[in-house]
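Enquirer: structure of the sequence below:
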Amino acid sequence: MARAHRVAAFTLTLVVLYILALFSFVPVPFIDVNSSHQILPLIPWWLLVSFGSYSLWCLGWGIFTFRDCPEAYHELLKEINDAKNELRTKGVTVD
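Expert: All right, here's what the predicted structure looks like:
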């Protein structure tokens, strides 16, 4: 079974259990019925906010740890100048 299949099966199981608990077909252990009716509808929003926070943190960390590559910059400028010179030799106006 591929990893995607395992993740999909696990997610589907959790969604089915959540829906059953949300509509009170399955009791939630260790939580009062009134408390579960107040908490369960908010779980998708908690998951959405948590995912958004994680995504922003990953983007911020990626920007923070981004490395500058001066060698690649100079190599790219050299290739651009070479391409411009080659085009000029063929009669194309560049710039």
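
Enquirer: CA atoms for contacts and neighbours, from now on please.
Expert: Noted.

Enquirer: in three-state terms, label the spatially most central residue of the chain for me.
Expert: With distances taken as Cα atoms, centre = their mean, the residue of the chain nearest its centroid is residue 55 (5.3 Å). Here residue 55 is recorded as helix under DSSP: H, G, I helix; E, B strand; the rest coil.

Enquirer: who are the contact partners of it?
Expert: Shown in contact with residue 55 (Cα atoms under 8 Å, 6 or more residues apart in numbering): no residues.

Enquirer: which residue ranges of the chain form helices?
Expert: Taking DSSP state H as the test, the helices found in the chain are 3-22, 33-39, 43-64, 70-89.

Enquirer: make JSON lines out of those helices and add mean pLDDT and distance to residue 95.
Expert: Listed next are the helices of the chain as JSON lines, based on pLDDT from 0 to 100; distance: least, Cα to Cα, whole Å:
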{"stretch": "helix 3-22", "mean pLDDT": "95", "distance to residue 95": "50"}
{"stretch": "helix 33-39", "mean pLDDT": "91", "distance to residue 95": "64"}
{"stretch": "helix 43-64", "mean pLDDT": "96", "distance to residue 95": "33"}
{"stretch": "helix 70-89", "mean pLDDT": "93", "distance to residue 95": "9"}
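
Enquirer: for residue 24, see how far away residue 9 is.
Expert: 22 Å (Cα to Cα, to the nearest Å).

Enquirer: what sits up against stretch 7-20?
Expert: Outside stretch 7-20, the residues touching it (Cα under 8 Å, 6+ apart) are 26, 40.

Enquirer: got the buried residues for it?
Expert: residue 18 (16 or more other Cα atoms under 10 Å).

Enquirer: can you check stretch 21-37 too?
Expert: 21, 22, 28, 36, 37.

Enquirer: can you pull the contacts of the residue nearest to residue 28 when sequence neighbours are not counted?
Expert: Leaving aside its chain neighbours, residue 28 sits nearest to residue 21 (6.5 Å; criterion: Cα to Cα, 6 or more residues apart in numbering). By Cα under 8 Å, 6+ apart, the contact list for residue 21 reads 27, 28, 40.

Enquirer: report pLDDT for the last one.
Expert: Spelled out, that is residue 40. Note on residue 40: pLDDT of 93.
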